[in-house]
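> Predicted model and sequence follow; I will ask about them next.
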Amino acid sequence: DTAVSQTPKYLVTQMGNDKSIKCEQNLGHDTMYWYKQDSKKFLKIMFSYNNKELIINETVPNRFSPKSPDKAHLNLHINSLELGDSAVYFCASSQILAGTETEQFFGPGTRLTVL
Amino acid sequence: AQTVTQSQPEMSVQEAETVTLSCTYDTSESDYYLFWYKQPPSRQMILVIRQEAYKQQNATENRFSVNFQKAAKSFSLKISDSQLGDAAMYFCAYGYGGATNKLIFGTGTLLAVQP
């Protein structure tokens, strides 16, 4: 059973297109995240949602719009794709417990290539 | 702002030998958490080990152990009896939990294991 799944795993598209990446977790966690890993392998938080509410939005262009229909799903929609959006996008989830930092479980990543 | 620094972009170790990966971080918080994640060529992010800052005892997980020096803000990972399957990118990460839970990653160390 996959704990955190993402679809698609690979996405190749033209500049200017709109695309979505879906993420689902079956761990019963209340918090989900999107991270971006660039070509130099640097990982950076983009968004986090806790119980469907946006908690973190780390200076991400508003072409990126996350949506959480329920606490098991966090999708990422990207409008007007640019060459610089090419990266691997990771979804992750964790259970927030007061006063502690629990492990974040990562999905397999989606490699987005913008041509 | 919190930062995480990994000064070794690449490391190499002989099979069955021991290797230490370095990580330093900067924070003004007193309660936080530190992690080492492994990313093999499959790109899956796998938690290797975690350390709570309030614990003085260094964490260990089988062949993996850390040397946590809170005053020096240092968090190194030691891999004993290195195996070919240990070859991967290793990321040090900092988290401080709570509602704004997020991980701040270092730039990674690429570990090669020589047979």
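The structure has been received and is ready for your questions. Residues are numbered from 1 along each chain as shown, chains lettered A, B, ... in the order given.
> From now on I want contacts and neighbour counts done on CA atoms only, so please keep to that.
Fine.
> Run through the bridge partners of residue 24.
Using chain A here. Beta-bridge partners of A:Glu24, counted by DSSP bridges, are A:Ser5, A:His73.
> Chain B, not that one
Bridge pairing for B:Thr24 - DSSP bridges - gives B:Thr5, B:Ser74.
> from what I can see it touches B:Leu77, true?
No - contact criterion C-alpha atoms under 8 Å: B:Thr24 and B:Leu77 do not qualify, at 11.2 Å.
> Disregarding residues adjacent in the polypeptide, which is nearest to the residue nearest the centre of chain B?
Residue closest to the mean C-alpha point of chain B, counted by C-alpha atoms, centre = their mean, is B:Trp36 at 3.1 Å. Of all residues not flanking B:Trp36 in the chain, B:Cys92 sits nearest, at 4.6 Å (C-alpha to C-alpha, 6 or more residues apart in numbering or on different chains).
> Report the buried residues of stretch A:8-17.
A:Lys9, A:Leu11, A:Thr13, A:Met15 (16 or more other C-alpha atoms under 10 Å in any protein chain shown).
> Where does the second one fall, secondary structure wise?
Looking back up the chat, that one is A:Leu11. strand A:10-13 (DSSP states H and E).
> CA atoms of that strand as CSV?
The C-alpha trace of strand A:10-13 is given here as CSV (Å, rounded to 0.1, in the frame of the first residue of the first chain):
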residue,chain,number,x,y,z
TYR,A,10,6.4,12.4,-15.3
LEU,A,11,4.9,15.3,-17.0
VAL,A,12,6.2,16.9,-20.2
THR,A,13,4.4,20.0,-21.5
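> Neighbouring strands of that strand in the sheet, and parallel or not?
Checking strand A:10-13 against DSSP bridges gives partners strand A:110-114 (parallel).
> rewinding a little: mind listing the residues bridging to the residue nearest to the centre of chain B?
B:Trp36 has these beta-bridge partners by DSSP bridges: B:Ile49, B:Cys92.
> dump the residue contacts of it.
Listed by C-alpha atoms under 8 Å, 6 or more residues apart in numbering or on different chains, the contact set of B:Trp36 reads B:Leu47, B:Val48, B:Ile49, B:Arg50, B:Leu77, B:Tyr90, B:Phe91, B:Cys92, B:Ala93.
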